[in-house]
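J.: Predicted model, plus sequence, below.
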Amino acid sequence: MLDRPGLADFLRRRREMLRPADVGLPDGVRRRTPGLRRDEVAHLAGMSTDYYARLEQSRGANPSEPIVASLARVLRCDLDERDHLYHLAGLEPPARLASRHIRPGLISLLDRLTDVPASICTDLYDVLWQNALADAVLGTQDPQVDPRSRNLVWQWFTNPATRARVPKEDWPRHSTDHVGHLRATHARRGRDKDVATFVRGLHEHSAEFRDLWEQHHVSVRRFDRKRLLHPDVGELHLTCEVLLTPAEDLMVVTFFPTPGTDAHEKLDLLRVIGIQGFKPAGDLC
């Protein structure tokens, strides 16, 4: 059952505990109240300021699971605080094994990587978080949309528009790598409902995926070199490094300029022009 007063109190106290620097924002002008402003929390969580304000006032519609998950990340909740937030919202917290929860320290670390694109994904390649430069290079991610719309493997095999950002001659390698990584995840925890449902869905929607799955190629991604086609700066040559959390249920994906290319200068340019006119999500490692 939703505990509106408890939810409102917890949200307000967590917001007041955080400084702008804790979430990658400039301190700006002098603040009349401690912590973050409501509009800052709302913007970072991908919701309207009015909706968030109603939550802090014990009003408004019941928050959905994606909303609560976004707030837990923005407010830098640890696992216990995240579970408490879910209970206050009348929701069952996600299982802690292979969870979608990002530890606050991990986001704080990546917030400091301002000169390279960085993302955090699940082992199924659901994009949970991106820094500002990843938004500029890969496209923004809406935290409230259906998870499959934010899943890179699903989009690759079911949404042809996704491939427009990758040179056509690289498509076969990307497809093979996607399936090989998913094979490794399936071997590790194929009995988990989310993995079984995901693989079954891809079998139903993609003949290419079915053919590659039958080949039983397996690989865990840790490193790659890739080319991305960006509408503002053209072809980007990037070196992708994948770091795994201790439980190997989350991946930190970073993109460094490939030596000997002009990617460094292009990334610097994208830091300046931001995400003007570039909304679709791009392909990750």
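T.: Received, thanks. Residues are numbered from 1 along each chain as shown.

J.: secondary structure class for the spatially most distant residue from the centre of the chain?
T.: Relative to the centre of the chain, the most outlying C-alpha is that of residue 32, 32.3 Å out, by CA atoms, centre = their mean. For residue 32, the assignment made with DSSP: H, G, I helix; E, B strand; the rest coil gives coil.

J.: Which pLDDT value belongs to it?
T.: Per-residue pLDDT puts residue 32 at 72.

J.: how close does the closest residue to residue 154 other than its chain neighbours get to residue 157?
T.: Nearest residue to residue 154, sequence neighbours excluded (CB to CB, 6 or more residues apart in numbering): residue 148, at 4.7 Å. All C-beta spots, glycine's among them, are computed from the backbone N, C-alpha and C. Shown here: residue 148 relative to residue 157, a distance of 11 Å by CB to CB, to the nearest Å.

J.: Measure how far the lengthiest strand in the chain is from the centre of its chain, please.
T.: Looking across the chain with DSSP state E, the single longest strand is strand 234-244. Distance of strand 234-244 from its chain centroid, counting by CA atoms, centre = their mean, to the nearest Å, is 16 Å.

J.: tell me the mean pLDDT over whatever helix or strand comes next after that strand?
T.: Where DSSP states H and E defines the elements, the next helix or strand beyond strand 234-244 is strand 250-257. Mean per-residue pLDDT for strand 250-257: 93.

J.: Likewise for stretch 133-145?
T.: In this model, stretch 133-145 has a mean pLDDT of 78.

J.: What of stretch 109-117?
T.: Mean pLDDT, stretch 109-117: 88.

J.: can you list contacts of the host helix or strand of residue 13?
T.: Assigned by DSSP H and E, residue 13 belongs to helix 4-17. Here helix 4-17 makes contact (CB atoms under 8 Å, 6 or more residues apart in numbering) with 33-36, 38, 41, 52, 55-59, 63, 71, 75-77, 81, 84-85, 88-89.
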